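Enquirer: Any chance you can model this:
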Amino acid sequence: MRRILSIILALTMVFGMTLAFASCGNNTKTDISGAKSLADLAGTKISAQSGTFHEEARNQIANVKGELYNEFDDMLVALRSGAIDGYIAEEPTALSVCYKDKTLDYIHLKNNDTGFTATDADVAIAIGCKKGSALVAQINTVLATISTDQRNTLMDQIVRANAGETITEFAVSNSAPASTTGTLKVAMECAYDPYNWTQKDDSNGAVPIYSEGSEDLYANGYDVQIAKYVANALGLKLEIYAVKWESLIAGVDAGTYDAIVAGMSPTADRAKEIDFTDIYYTSNLVVIYKK
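Expert: Next comes the predicted model:
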């Protein structure tokens, strides 16, 4: 009888621990799929990338919870595990993530009185050049030839290319010049899809990365195709360099690179350090969540 009681007690402890662990799991996740405004997100666990205007946008949510992360990939892991209810990103990021993972979706909160407060510069993307660079006017002439429909179609194609689909011809494309008059050295992270990423071949129009240690690696993405279009139109050879985000502006200032094409927003603070071209893409902020 004593042995039976001991077994019962042991089983009780095991099941008790199992239930305790279960109660500490992902059951606290909040369903935010029906959110129509920032007020609907009050008190939820919404994350953002630290040190960005996404973090500032997150702080507009009342009583917001959830940790900040340095990398988007870390937020994606946290979202899938139920550690957070959602995270703030730009719409192209959401398009790419949700296209590849059908268990995810996003809330499209426009930048207005019910959505995030963001300036036009915050949600715009432009090319950065050294102060006083003649390239700005030259690039603007090329960007003016790209219609809004072409820009939007290109983003759709880039999202599909990032998911492994084959694209025969991009909406924004032109022929390489028979001969070049110089080189356009472009800096980007090569790690921020769908704007730019690294791959191991030249499929879907990818171009070689010229950074030391990047032999046999290629860059692709929205930024890459825009950079290629600009370089071809200006009769220049395109060279892509993989550069950490925090070193992009310094690299252009030093003359190491001619331009930054890296999903960069032309904010007032950045405009104090470099000159920006006209905008080549505009996006709203969204909240990615698990269905």
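
Enquirer: Ala227 and Tyr69: what is the separation?
Expert: Distance, Ala227 to Tyr69, using Cβ to Cβ, to the nearest Å: 28 Å. Heads up, the C-betas are built off the backbone N, CA and C, glycines and all.

Enquirer: the more surrounded of these two?
Expert: Ala227 (27 against 19; other Cβ atoms under 10 Å).

Enquirer: That one: which element?
Expert: helix 222-234 (DSSP states H and E).

Enquirer: Okay, now the unreliable bits of the stretch 51-200 of the chain?
Expert: Along the stretch 51-200 of the chain, no part satisfies pLDDT under 70.

Enquirer: Kindly recompute the last result at 80.
Expert: 111-113 (pLDDT under 80).

Enquirer: tell me the strands in it, going along the chain?
Expert: Residue ranges of the strands in the stretch 51-200 of the chain, as given by DSSP state E, counting those that start in this stretch, are 86-90, 104-108, 124-129, 182-188, 197-199.

Enquirer: can you put these in TSV and add distance to Phe53?
Expert: Output for the strands of the stretch 51-200 of the chain, formatted as TSV (distance: least, Cβ to Cβ, whole Å):
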stretch	distance to Phe53
strand 86-90	10
strand 104-108	18
strand 124-129	12
strand 182-188	19
strand 197-199	22
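
Enquirer: among these, which is the most enclosed?
Expert: Across these, averaging neighbours per residue (mean count of other Cβ atoms under 10 Å) puts strand 86-90 on top, at a mean of 26.

Enquirer: the inter-axis angle of that one versus strand 124-129?
Expert: Counting by axes from the mean of the first three to the mean of the last three Cα atoms, to 10 degrees, strand 86-90 lies at 60 degrees to strand 124-129.

Enquirer: rewinding a little: now the element after the helix holding Ala227, going C-ward?
Expert: That would be, after helix 222-234 and using DSSP H and E, strand 236-242.

Enquirer: which residues touch the following helix or strand past that next one?
Expert: Counting by DSSP H and E, the next helix or strand C-terminal to strand 236-242 is helix 248-253. By Cβ atoms under 8 Å, 6 or more residues apart in numbering, the surrounding residues in contact with helix 248-253 are 128-131, 187-189, 241, 243, 257-260, 262, 264, 270, 273-274.

Enquirer: Among the residues you listed, name the buried ones.
Expert: 128-130, 187-189, 241, 243, 257-260, 262, 264, 270, 274 (16 or more other Cβ atoms under 10 Å).

Enquirer: Among those residues, which one sits closest to Ile146?
Expert: Nearest to Ile146 among these: Ala259, at 16.2 Å, using Cβ to Cβ.

Enquirer: Asp193 is in contact with Tyr99, isn't it?
Expert: No - contact criterion Cβ atoms under 8 Å: Asp193 and Tyr99 do not qualify, at 10.8 Å.

Enquirer: who touches both of the two?
Expert: Counting by Cβ under 8 Å, 6+ apart, the contacts common to Asp193 and Tyr99 are Asn162.

Enquirer: who's more crowded, those two?
Expert: The residue with more neighbours, out of Asp193 and Tyr99, is Asp193; 25 against 16, by other Cβ under 10 Å.

Enquirer: and stretch 100-115, how far apart are its ends?
Expert: 26 Å (Cα to Cα, to the nearest Å).

Enquirer: And the pLDDT at Ala242?
Expert: Reported pLDDT at Ala242 in the predicted model: 98.

Enquirer: list the contacts for it?
Expert: Per Cβ under 8 Å, 6+ apart, neighbours of Ala242: Met188, Glu189, Cys190, Ala191, Thr198, Ile209, Ser211, Ser214, Leu217, Ala219.

Enquirer: want to throw these into a markdown table with distance to Asn59?
Expert: Converted to a markdown table, the contacts of Ala242 look like this (distance: Cβ to Cβ, whole Å):
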| residue | distance to Asn59 |
| --- | --- |
| Met188 | 28 |
| Glu189 | 25 |
| Cys190 | 30 |
| Ala191 | 26 |
| Thr198 | 32 |
| Ile209 | 36 |
| Ser211 | 35 |
| Ser214 | 37 |
| Leu217 | 37 |
| Ala219 | 33 |
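
Enquirer: Of those, which is the nearest to Lys291?
Expert: Lowest distance from Lys291 to those (Cβ to Cβ) belongs to Ala191, with 26.8 Å.
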